[in-house]
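Peer 1: Quick one, what's the 3D model for this:
(chains A and B)
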Amino acid sequence: QKEVEQNSGPLSVPEGAIASLNCTYSDRGSQSFFWYRQYSGKSPELIMFIYSNGDKEDGRFTAQLNKASQYVSLLIRDSQPSDSATYLCAVNIGNNNDMRFGAGTRLTVKP
Amino acid sequence: ETGVTQTPRHLVMGMTNKKSLKCEQHLGHNAMYWYKQSAKKPLELMFVYNFKEQTENNSVPSRFSPECPNSSHLFLHLHTLQPEDSALYLCASSLGPGETQYFGPGTRLLVL
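Peer 2: The predicted structure follows:
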């Protein structure tokens, strides 16, 4: 089992819709979870992080964490074409707190 | 993110060349990282330094040699690379292990 798994997509949603991105992880002891956005040809940039079970909202973005199910998701409300990018889920694992990244989900928001 | 800079941004080298990648962070962080990103593959952690000490070497071939002279600077020395080493090499830093990582713009490397 991969340490961090994401659907590679592509995920296509119309402008204004909600985009839902999912991620599962294998290390039950993981405590820190991150979502990064990466535009083509650019480096990853942090969108948000979450440590506690439940929802965390920041503008149009909501991260959801369920440690029992080892599942973290990112919802993007009112999706815009500028949200089109690859979204990387990252999870800290092990005693060294190393960050492991998923392969990323490519999102396309169509005008 | 101008807090982490990388040079050069692009590099083309032959398999017999020796080159170095440089990373500098201006964020006052204590941990620095090298990642490799190949097409269609997840980010691969290569090396981790915490307070200048290497804490992780993720089974990286010896043709990649990291150097961390201080908490603000990180180098990746390259020699006798293979074409399959062509990738985007990303540097990142964080306040400490497990904290949010901030990435530099990357060096796109092509090995001929």
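Peer 1: Now chain A against chain B: closest residue?
Peer 2: A:Asn97 (3.2 Å; C-beta to the nearest C-beta). For glycine as for every other residue, the C-beta is placed from the backbone atoms N, C-alpha and C.
Peer 1: Thought B:Gly98 was touching that residue, still the case?
Peer 2: Yes: look at A:Asn97 against B:Gly98 with C-beta atoms under 8 Å: they come within range, at 3.2 Å.
Peer 1: if I look at those two, which residues touch both of them?
Peer 2: Counting by C-beta atoms under 8 Å, 6 or more residues apart in numbering or on different chains, the contacts common to A:Asn97 and B:Gly98 are A:Ser32.
Peer 1: between these two, who's got more neighbours?
Peer 2: A:Asn97 (19 against 16; other C-beta atoms under 10 Å in any protein chain shown).
Peer 1: Alongside chain B, which residues does chain A contribute?
Peer 2: Taking C-beta under 8 Å from any C-beta of the partner chain as the contact definition, chain A meets chain B at A:4, A:31-32, A:34, A:42-46, A:49, A:88, A:90, A:92, A:96-104.
Peer 1: are any of the residues you listed buried, and which?
Peer 2: Buried by 16 or more other C-beta atoms under 10 Å in any protein chain shown: A:4, A:32, A:34, A:43-44, A:46, A:49, A:88, A:90, A:92, A:97-104, out of the residues of chain A next to chain B.
Peer 1: Of the residues of chain A next to chain B, which belong to strands?
Peer 2: A:4, A:34, A:45-46, A:49, A:88, A:90, A:92, A:98-101 (DSSP state E).
Peer 1: helices or strands up against the helix-or-strand element of chain A with minimal mean pLDDT?
Peer 2: Among the helices and strands of chain A, strand A:98-101 carries the lowest confidence by mean pLDDT, DSSP states H and E, at a mean of 86. Here strand A:98-101 touches strand A:85-93, strand B:44-50, going by 3 or more C-beta pairs under 8 Å, 6 or more residues apart in numbering or on different chains; DSSP states H and E.
Peer 1: Kindly format the C-alpha coordinates of that strand as CSV.
Peer 2: Output of strand A:98-101 as CSV, limited to C-alpha atoms (Å, rounded to 0.1, in the frame of the first residue of the first chain):
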residue,chain,number,x,y,z
ASP,A,98,9.1,13.0,7.2
MET,A,99,6.6,14.4,4.8
ARG,A,100,5.3,12.0,2.1
PHE,A,101,3.5,13.3,-0.9
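Peer 1: In the sheet, which strands lie alongside it, parallel or antiparallel?
Peer 2: strand A:85-93 (antiparallel) (DSSP bridges).
Peer 1: so where do the strands sit in chain B?
Peer 2: So, for chain B - with DSSP E - the strands run B:4-7, B:10-13, B:18-25, B:31-37, B:44-50, B:53-57, B:64-70, B:73-79, B:87-94, B:102-103, B:107-111.
Peer 1: Which of the helices and strands packed on strand A:98-101 sits closest to B:Tyr33?
Peer 2: Ranking those by proximity to B:Tyr33 (C-beta to C-beta) places strand B:44-50 first, at 5.4 Å.
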